[in-house]
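A.B. asks: Show me the folded form of this:
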Amino acid sequence: MASLVVPQKCPFTLPSLHTLHHLPIIKSSLQTRLRWRPICLSMANAQTEFRKEDIVIVGAGIAGLATAVALQRLGIGSVVVEQSDSLRTGGTSLTFFKNGWKVFDAIGVGTELRTQFLEIQGIVIKSEDGRELRSFKFKDEDSSQEVRAVERGILLETLANKLPKNAISFSSKLKSIERIENDETMLTLEDDSQISAKIVIACDGIRSPVAKWMGFPEPRYVGHCAFRGIGFYPDGQPFEPKVTYLYGRGVRAAYVPISPTKVYWFVCFNSPSPGPKITDPSILRRETEDLVKNWSSELLNVIKSTPDDTIIRTPLVDRWLWPGISPPVSSGKVVLVGDAWHPMTPNLGQGACCALEDSIVLAKHLAQAIKFGTMSVEEAFMSYGSERWPRIFPLTVRANLVGALLQLDNSVVCSLRNNVLVPKLVRLGSMLEHTNFDFEPLQL
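C.D. replies: Numbering: from 1, shown residues only. Reported below is the predicted structural model:
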């Protein structure tokens, strides 16, 4: 396991797209793109460039940027290397519960994000024909709960703006990784430039080459895929700030307003295999509408209001961190964060929230090693893994089982679900217990 050559076409995180926001946000996005230019080398000297860094974060997604910001709040600098030539600001949206918002507040972006996205008040569960089965209000179950859906692109821009100007190195795709002398790690990029790093924090997504180098298996396809998109209503969207779920047989869907003009939606469906990658927007739209063509007209109207270039299709995957079987979260001074370590299905809305939790816990442990010398870096990483595993493993399993239950297509089981389980037995309180997460404030 001394080195690994990463295939040039090895995917990192799944790409996604997002629609334009209102004019002030467009202006902000343009300013961000101008500011965050790649700090890559010229063609003349790229082949011979070599540099040394203390901390390198691989991947400028949510986990990578949140970790960089959390470390910076503790007075620890880092360099983020990102394979794309700019922030991957495409995408739909991600739902964050109160545990995610605690982290946002701790790293200084909560207030800014709240001004742009609606607070979701509750949940309405319906059958595919629009019949209401049950409804809940979050505050009735947990007065401290906070739920908002946040556009991925705006989130990345907000996090990136908290970092120094040259903290992100774009066009820096990892080619190989190997351990070298002095207990450092050599990262070779596709342009053959090299970085010798004392510490590597891998936030490079569900297909993480670093995780593969550390001995982790590929994430496992769970048997269903999802279409996603963001409906755009230039004159204002008509929905109350609630998540509306619709349950069918082997197909389920949801839609939720995320801002005054935008509504996020998904349609999840059973499929024996992930199938080929589809990028043609007309095919994506047609396949989505075919799945729910006899469903509630509200859902169909949201899908029809979605710009072609924002509809995506993704297979759902996860990785269970079996005790005593899965590799540890770190190898020497290399450690995994977020989807690179624990990809999970989105059925609990906790994938991104847990990545944020990882970032704050890792930063605090690493600060103990770097700033206070109370432990070694290796011990800090092991402590991080020991603290996070008891939370991550059960959540990953639970998310998988919830998805499997909701995707059942047996008519008798679905009838039981719609007429007994949901109306009479489901309790929101137990469904929100996993959003409880406490940590000490970040202190210099």
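A.B. asks: looking at this protein, which helix or strand does the model trust least?
C.D. replies: helix 23-35 (a mean of 36; mean pLDDT, DSSP states H and E).
A.B. asks: I'd like the next helix or strand past it.
C.D. replies: strand 50-58 (DSSP states H and E).
A.B. asks: which residue ends up closest to the midpoint of this protein in space?
C.D. replies: Note on the chain: the residue nearest the mean C-alpha position is Ala352, at 3.9 Å, using CA atoms, centre = their mean.
A.B. asks: What strand or helix carries that one?
C.D. replies: Going by DSSP H and E, Ala352 is in helix 351-370.
A.B. asks: for Arg398, same thing?
C.D. replies: helix 377-406.
A.B. asks: And the following helix or strand past that helix, how far out from the chain middle?
C.D. replies: Going down the chain from helix 377-406, the next helix or strand is helix 411-416, by DSSP H and E. Relative to its parent chain, helix 411-416 has a centroid offset of 32 Å by CA atoms, centre = their mean, to the nearest Å.
A.B. asks: Just the buried residues of helix 411-416, please?
C.D. replies: Cys414 (16 or more other CB atoms under 10 Å). (Each C-beta comes from the backbone N, C-alpha and C, glycine too.)
A.B. asks: State the mean pLDDT of that helix.
C.D. replies: Taken as a whole, helix 411-416 carries a mean pLDDT of 95.
A.B. asks: Which residues does that helix contact?
C.D. replies: Contact with helix 411-416 is made by 247-249, 408, as judged by CB atoms under 8 Å, 6 or more residues apart in numbering.
A.B. asks: Quick one: those residues as TSV, columns for distance to Thr396, pLDDT and neighbour count too.
C.D. replies: Formatted as TSV, the contacts of helix 411-416 follow (distance: CB to CB, whole Å; pLDDT from 0 to 100; neighbours: other CB atoms under 10 Å):
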residue	distance to Thr396	pLDDT	neighbour count
Tyr247	23	96	20
Gly248	25	96	22
Arg249	26	96	16
Leu408	20	95	16
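A.B. asks: So which of these is the closest to Val80?
C.D. replies: Tyr247 (40.3 Å; CB to CB).
A.B. asks: Which pLDDT value belongs to the closest residue to that closest one other than its chain neighbours?
C.D. replies: Leaving out its chain neighbours, the residue that sits closest to Tyr247 by CB to CB, 6 or more residues apart in numbering is Ser127, at 6.2 Å. Note on Ser127: pLDDT of 95.
A.B. asks: tally of neighbours for Pro441?
C.D. replies: 9 (other CB atoms under 10 Å).
A.B. asks: Surely it touches Ala106?
C.D. replies: Yes: with contact defined as CB atoms under 8 Å, Pro441 counts as touching Ala106 (6.6 Å).
A.B. asks: circling back to that earlier point, name all residues that make contact with the residue nearest to Tyr247.
C.D. replies: Ser127 touches 133, 246-248, 418, counting by CB under 8 Å, 6+ apart.
A.B. asks: Next, the buried residues of the biggest strand by length in the chain.
C.D. replies: Counting residues, the longest strand found in the chain (DSSP state E) is strand 220-232. Of the residues in strand 220-232, those buried by neighbour count under the rule 16+ other CB under 10 Å are 222-232.
A.B. asks: Run me through the strand neighbours of the very next helix or strand once past it, direction for each.
C.D. replies: Going down the chain from strand 220-232, the next helix or strand is strand 242-247, by DSSP H and E. Next to strand 242-247 in the sheet, as set by DSSP bridges, lie strand 122-127 (parallel), strand 251-259 (antiparallel).
A.B. asks: Per-residue pLDDT of Ser135, please?
C.D. replies: Taking Ser135 on its own, its pLDDT is 95.
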